[in-house]
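In: how does the following fold in three dimensions:
(chains A, B and C)
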Amino acid sequence: MDVQIALDTVWVLLAGMLVFFMNLGFALVESGFARAKNTVNIISKNFIVFAVSTIAFLAIGWGLMYGDGNALIGLKGLFMVGGADNSPATGEAYQGVYSALGWAGVPLMAKFFFQLVFAGTAATIVSGAVAERIKYVSFIVFSFLLVAFVYPIVGHWIWGGGWLAELGFWDFAGSTVVHSVGAWAALAGVLVLGPRLGKFGKDGKAHALPGHNMTSAMTGALILWLGWFGFNPGSTMAAEPVSISHIIVTTNLAAAAGALVATAVAWKVLGKPDIGMTINGMLGGLVGVTASCAFVSMGSALVIGTIAGCIVVFGVLLLDKLKLDDPVGALAVHGMGGIFGTLAVGLFAQDKFAPGTTGNGLFFGGGFGLLGAQATGVVAVGAFVFAVSMIAWMIIKATMGLRVTEEEELEGLDIGEHGNRAYPDFVQTETVA
Amino acid sequence: MDVQIALDTVWVLLAGMLVFFMNLGFALVESGFARAKNTVNIISKNFIVFAVSTIAFLAIGWGLMYGDGNALIGLKGLFMVGGADNSPATGEAYQGVYSALGWAGVPLMAKFFFQLVFAGTAATIVSGAVAERIKYVSFIVFSFLLVAFVYPIVGHWIWGGGWLAELGFWDFAGSTVVHSVGAWAALAGVLVLGPRLGKFGKDGKAHALPGHNMTSAMTGALILWLGWFGFNPGSTMAAEPVSISHIIVTTNLAAAAGALVATAVAWKVLGKPDIGMTINGMLGGLVGVTASCAFVSMGSALVIGTIAGCIVVFGVLLLDKLKLDDPVGALAVHGMGGIFGTLAVGLFAQDKFAPGTTGNGLFFGGGFGLLGAQATGVVAVGAFVFAVSMIAWMIIKATMGLRVTEEEELEGLDIGEHGNRAYPDFVQTETVA
Amino acid sequence: MDVQIALDTVWVLLAGMLVFFMNLGFALVESGFARAKNTVNIISKNFIVFAVSTIAFLAIGWGLMYGDGNALIGLKGLFMVGGADNSPATGEAYQGVYSALGWAGVPLMAKFFFQLVFAGTAATIVSGAVAERIKYVSFIVFSFLLVAFVYPIVGHWIWGGGWLAELGFWDFAGSTVVHSVGAWAALAGVLVLGPRLGKFGKDGKAHALPGHNMTSAMTGALILWLGWFGFNPGSTMAAEPVSISHIIVTTNLAAAAGALVATAVAWKVLGKPDIGMTINGMLGGLVGVTASCAFVSMGSALVIGTIAGCIVVFGVLLLDKLKLDDPVGALAVHGMGGIFGTLAVGLFAQDKFAPGTTGNGLFFGGGFGLLGAQATGVVAVGAFVFAVSMIAWMIIKATMGLRVTEEEELEGLDIGEHGNRAYPDFVQTETVA
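Out: Down below sits the predicted model:
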């Protein structure tokens, strides 16, 4: 076996492990930003969701996404990664039913693992937005549907050789495929679920329901920052030294800019450098650069992170105004950040960083063509994911129920849903809803 | 130096780091599942145990395990990895006293580091089962003895070219070598120590002593899941792309199946999806597939994880019935899971995944030969480790004492053993034993 | 592109990620060792500092450190890594303005990322020592100055081909460049800031102000131990199998020895095995072996760790006697440990481990030459960093102010500086200062 193949495999697997580790990052950010009485529920959701995603992607999602098919879905190699495949053969030598990944010179199982951890990420984005009121079993069912059907269908359009790929839409590591998909699905859930008790007063004003553990939130945030060093550079699916080095730097610059700008803006607007805004600004920077990390310069990455950091601060404030109750700000970070990041490819891409892919974006003389394709993808993915998710949420609501009882919500979901308490040895304050 | 050697070395070291990181996973799972008043003691044990293991394995264990010797122990190259060795030369070209690892084409120090972190894992398994009542110094002494003598002797039988290896016993990444050894040593400790005050009432019923921090427990659990991606695929000790990709997928499938099945069974049996069962089910799935991860199909990995998840739930309940007080469920996860995982090689192995190793197991037409060898190993290792550990625990008890005083146990070990409190700024509930 | 270059790049990037992850380690150790009321402030500092370091090193620091220049500073390629460079070409083939790294065969962006995470580490060392009384904005400003100017100037002297490199001073992974620099800057800050309210009584005795979360501290400590496996072996900036394997083992041995010895000494001196001393002893061992990890034997690494572990225990006690209030012991760990580690090269180095570099140290027949160079570097760096930092701290104090008000310090910095509370759902004890 060729050494380059072995090296590519090591790189892809290690990057995949970093993305897997993001499950812990999301679990800690989300539970830290929520109240102590719902901690067991939140971390249980974030824990089980990767197990659910594993089964859903293995059984159905993988084939729908990467199996050969038509412009809309994959039709071959569906169950249990069961199709013919002679990976790590590439290019002309590739023979199998997963042609859309025929360019990647690693074994089939390495491709599957890396794509699986991405699918899991999309599902875990939903969990934060619907936290503190959703029934555990209903979340599990929705996650299964998302990873088995919704995520892979969009994924097929973009990464599986479908119609958006044909159109010239580019999303390097998933600002749309992963982050927007998760956010649109979450938005539908937030609408169907309604806000937490006590979030909006009778006067219509939003009340802060402060998170119970900033140490958790910060820990999760740094784990996510680390995980993105697998998420973005790993999406090369090959150990190309110049590319992966470039991508890790653009990724880091956008994160740093997002954190700094969001901190400064929050300081100015709110009067204090709120730690939640710092964390979400950093995440916004990362989501924002995810689609373009391989296609843009260091300077552009700084600008992208700066804009994304601003978007997140004002986005979080806007959600409150719109009475959309998203306990962790996921809609701002992954939704608005994801949309902006996808469009940013159309603005900031430069052909020289990845010749033969995006070409130049609007700001570098490429005209509106690329931006138009990116906008088309944003709208199409948003419409599809939101509509399908809305239907799924409503069916779940009508059949098994979606929201816990008022009593359970006030008492906390930990006891009602799990029979556990997260911190039984500590005296807790009255957190009246 | 050959590039493949360099790549293998990078892979082995990174996998070893992931296994090292499991020390944090165990520390958080164990302390999270225990009470706040014993936190400093538990995390101190989990922290110091790797330092103790380092010295014990360096001074004695490594040579006993991998030094050339007879069917029972290694006799050469004992002190300070002090034997002749021309690694990374392999096969016929290898010249040195660590022939059992002559097949691995990485430098001697890479071999030592990777084996050291495995030895440390065995020791850390013990700590959870004996938690909340053992004296700090006594635990340190036992850990030294385990890593210096007990673990490496069993290791020599299986991975060091000893009699079980000769017999055709296979344990790819250590369901027996690491997990069962830790569990048998722990079982002896649990018997000699007796249960925690208040665990079993006068009526003989088991009382729950709830863990103090589910955020910690979940964090540790996800770190262990991550760490296993080093533990299992790293045991190739080479960056063989198809093998390591296959192993990471089988490992992940067993973990997912274990988590889901244990959650479902706990939901059915206990009425709620207890987070402790979810976590232990996932760990059971991982322990269960550790011996066979390189030898079985994806489908078999799912079945193994499913069975292991069930075993853990009923195993934890059984421990209570048997009045064995194991605060974290380590005996069920590592003991029962380890035994099952070892036997699973004899049931599910398929020659095609690693030609020239296990051959086929019982379910794939291989007859009872392999299963018999596996069962022999299970019994022999269990008998040896349990007996020797029992003697060691009893000598420690007779000489330096093993258990803290009743007063100290009620007050918590943190103050008595360490003079520290884990959370002095928080008001704690009365956790009467 | 050559496979070895790709492999080297993967290794350097992954090692860099591990060093990045140390930001979380420091955040958790520092916040765990401080009081709950200052948690948001401490973790915010540790979080934002890497973002600040990213901008500072990108804009100024990198060029000052590695740009071609004179014996004191780099003068080329300053802004935005903007100099000519044909990496990964090496040796004679290298053409560019970053000649000091011309030996490393990885792309420029990989060099930049790896050096950036090191710069960030130096800044994060400061944060612990000045914790619980410094204004957030003032810390941010100082961190910027440190990473933009102070750290890279010293770095140029040693790693950038400057006068100490010419003199024959060796610091493999940064006992001086990173750790001592951070500690000298911190010492100046501690002097200008003064002790926390309540730290020293009217009788002049030091009062313990216990840390609020030992779980955090231990988690951070194990993350730092892990991170050092990137910090030290990664400093090869190449996947040289024998070197990186050797370095990971010497690093681990020093950490283990430091932890064990500090625990034992604390047990003897203080009466109990204090967990803070265990953690700081481990860190001291790591800092101590950082300069020499590539140049010394396993036995020497054990001796270095042993001495460093002692130094840290007595150093922490000495700081109290000197009325230097360092909440986390950073001055002992990084300052005294860093000085000792730098001198240890002059004592324990052996030519055979890295022929053509250090030659032999005093204990291996090399005479006083190397030790003299090391001592020169210690003094020069200490004098420069302390003096410049003192000036910077005093200017900050005179202009924007350095310390929060007494009221804010008593109430905790979380509310005053950030408007957040770290743990609002938990009842907290009165921690009167």
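In: please count neighbours and contacts with C-alpha atoms only from this point.
Out: OK.
In: state the distance from the residue nearest the centre of chain A to A:Ala122.
Out: Among the residues of chain A, the one closest to the centroid is A:His179, at 3.2 Å (C-alpha atoms, centre = their mean). From A:His179 over to A:Ala122 the distance is 6 Å, taken as C-alpha to C-alpha, to the nearest Å.
In: also A:Leu108?
Out: 22 Å.
In: cool, and A:Phe113?
Out: 15 Å.
In: so for the helix or strand containing A:Ala262, what gets flagged as buried?
Out: A:Ala262 is located in helix A:241-270, with elements delineated by DSSP states H and E. For helix A:241-270, the neighbour count (16 or more other C-alpha atoms under 10 Å in any protein chain shown) marks A:241-267 as buried.
In: count the residues that sit near whatever residue of the stretch 251-400 of chain A ends up closest to chain B.
Out: Closest approach between the stretch 251-400 of chain A and chain B, counting by C-alpha to the nearest C-alpha: A:Met400, at 16.3 Å. For A:Met400, the count of nearby residues is 12 (other C-alpha atoms under 10 Å in any protein chain shown).
In: tell me which residues touch it, please.
Out: A:Ser138 (C-alpha atoms under 8 Å, 6 or more residues apart in numbering or on different chains).
In: measure it to A:Phe142 for me?
Out: 11 Å.
In: with A:Gly83 instead?
Out: For A:Gly83, the distance to A:Phe142 - C-alpha to C-alpha - is 27 Å.
In: so for those two, which residue has more residues nearby?
Out: A:Phe142 (19 against 16).
In: is it true that that one lies in a helix?
Out: Yes: according to DSSP: H, G, I helix; E, B strand; the rest coil, A:Phe142 belongs to a helix.
In: that one contacts A:Met390, correct?
Out: No: judged on C-alpha atoms under 8 Å, A:Phe142 makes no contact with A:Met390 at a distance of 10.6 Å.
In: low-confidence ranges in chain A?
Out: Within chain A, the stretches with pLDDT under 70 are A:1, A:431-433.
In: recalculate using a threshold of 50.
Out: A:432-433 (pLDDT under 50).
In: which residue packs closest to A:Ala89, ignoring adjacent ones?
Out: Nearest residue to A:Ala89 in three dimensions, chain neighbours excluded: A:Gly105, at 6.1 Å (C-alpha to C-alpha, 6 or more residues apart in numbering or on different chains).
In: and that neighbour, how far is that from B:Phe353?
Out: Taken as C-alpha to C-alpha, the span from A:Gly105 to B:Phe353 is 20 Å.
In: what does A:Ala256 give?
Out: Distance of A:Ala256 to B:Phe353, computed by C-alpha to C-alpha: 45 Å.
In: what do you get for A:Ser292?
Out: Relative to B:Phe353, and taking C-alpha to C-alpha, A:Ser292 is found at 39 Å.
In: quick one: which of these two has more around it?
Out: A:Ser292 (34 against 19).
In: residues touching that one, list them.
Out: Contacts of A:Ser292 by C-alpha under 8 Å, 6+ apart are A:171-173, A:341-342, A:344-345, A:348-349.
In: equivalent analysis for A:Gly74, please.
Out: A:63-68, A:153, A:156, A:160.
In: which of the helices or strands spans the residue of the stretch 151-300 of chain A found nearest chain B?
Out: Here the residue of the stretch 151-300 of chain A nearest chain B is A:Ser216; by C-alpha to the nearest C-alpha that distance is 8.3 Å. Element membership for A:Ser216, per DSSP H and E: helix A:214-231.
In: a strand runs through A:Gln4, doesn't it?
Out: No: the assignment for A:Gln4 by three-state DSSP gives helix, which leaves it out of any strand.
In: relative to chain B, how far out is it?
Out: 9 Å (C-alpha to the nearest C-alpha, to the nearest Å).
In: and the contacts of the helix or strand containing A:Val192?
Out: According to DSSP H and E, A:Val192 maps onto helix A:181-193. The contact list for helix A:181-193, computed with C-alpha under 8 Å, 6+ apart, reads A:122-127, A:129-130, A:133-134, A:151, A:324-326, A:330-331, A:334-335, A:381-382, A:385-387, A:389-390, A:393-394, A:402-403.
In: can you select the buried ones from these in PyMOL?
Out: To isolate the buried ones among the contacts of helix A:181-193 in PyMOL, judged by 16+ other C-alpha under 10 Å, type:
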select buried, chain A and resi 122+123+124+125+126+127+129+130+133+134+151+324+325+326+330+331+334+335+381+382+385+386+389+390+393+394+402+403
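In: so which of the contacts of helix A:181-193 sit within helices?
Out: Assigned to helices by DSSP state H, the following of those qualify: A:122-127, A:129, A:151, A:330, A:381-382, A:385-387, A:389-390, A:393-394.
In: contact partners for A:Leu7?
Out: Counting by C-alpha under 8 Å, 6+ apart, A:Leu7 has contacts A:239, B:7, B:239, C:7.
In: helices - which of these land there?
Out: Using DSSP H, these in helices are B:7, C:7.
In: reformat the contacts of A:Leu7 as JSON lines; add distance to C:Ile304.
Out: Formatted as JSON lines, the contacts of A:Leu7 follow (distance: C-alpha to C-alpha, whole Å):
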{"residue": "A:Ala239", "distance to C:Ile304": "37"}
{"residue": "B:Leu7", "distance to C:Ile304": "30"}
{"residue": "B:Ala239", "distance to C:Ile304": "34"}
{"residue": "C:Leu7", "distance to C:Ile304": "32"}
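In: what's the farthest-apart pair in the contacts of A:Leu7?
Out: Largest separation among the contacts of A:Leu7 by C-alpha to C-alpha: A:Ala239 and B:Ala239, giving 14.0 Å.
In: how about the helix or strand hosting A:Cys310: buried residues?
Out: Element membership for A:Cys310 (DSSP H and E) is helix A:298-321. The neighbour-count check on helix A:298-321 (16+ other C-alpha under 10 Å) flags A:298, A:300-316, A:319-320 as buried.
In: by contact count, what packs against that helix?
Out: helix A:241-270, helix A:275-290, helix A:337-348 (3 or more C-alpha pairs under 8 Å, 6 or more residues apart in numbering or on different chains; DSSP states H and E).
In: now with 10 Å?
Out: helix A:241-270, helix A:275-290, helix A:330, helix A:337-348 (3 or more C-alpha pairs under 10 Å, 6 or more residues apart in numbering or on different chains; DSSP states H and E).
In: quick one: the second one to helix A:214-231, angle?
Out: Spelled out, it's helix A:275-290. 10 degrees (axes from the mean of the first three to the mean of the last three C-alpha atoms, to 10 degrees).
In: near chain C at all, helix A:275-290?
Out: Yes: judged by C-alpha under 10 Å from any C-alpha of the partner chain, helix A:275-290 comes into contact with chain C at A:275-276, A:278-279, A:282.
In: how many neighbours does the spatially closest residue to A:Ala148 that is not a sequence neighbour have?
Out: In this structure, A:Ala148 finds its nearest non-sequential neighbour in A:Gly61, 4.3 Å apart by C-alpha to C-alpha, 6+ apart. Neighbours of A:Gly61 under the rule other C-alpha under 10 Å: 33.
In: A:Gly359 reaches A:Phe295, doesn't it?
Out: Yes: look at A:Gly359 against A:Phe295 with C-alpha atoms under 10 Å: they come within range, at 8.8 Å.
In: which of those two has more neighbours?
Out: A:Phe295 (30 against 22).
In: right, and that one touches A:Phe172 too?
Out: Yes: proximity of A:Phe295 to A:Phe172 meets the contact threshold set by C-alpha under 10 Å, at 8.3 Å.
In: list residues touching both of those two?
Out: Residues touching both A:Phe295 and A:Phe172 (C-alpha atoms under 10 Å, 6 or more residues apart in numbering or on different chains) are A:289, A:345, A:358.
In: out of these, who's near chain B?
Out: Within the shared contacts of A:Phe295 and A:Phe172, nothing lies near chain B by C-alpha under 10 Å from any C-alpha.
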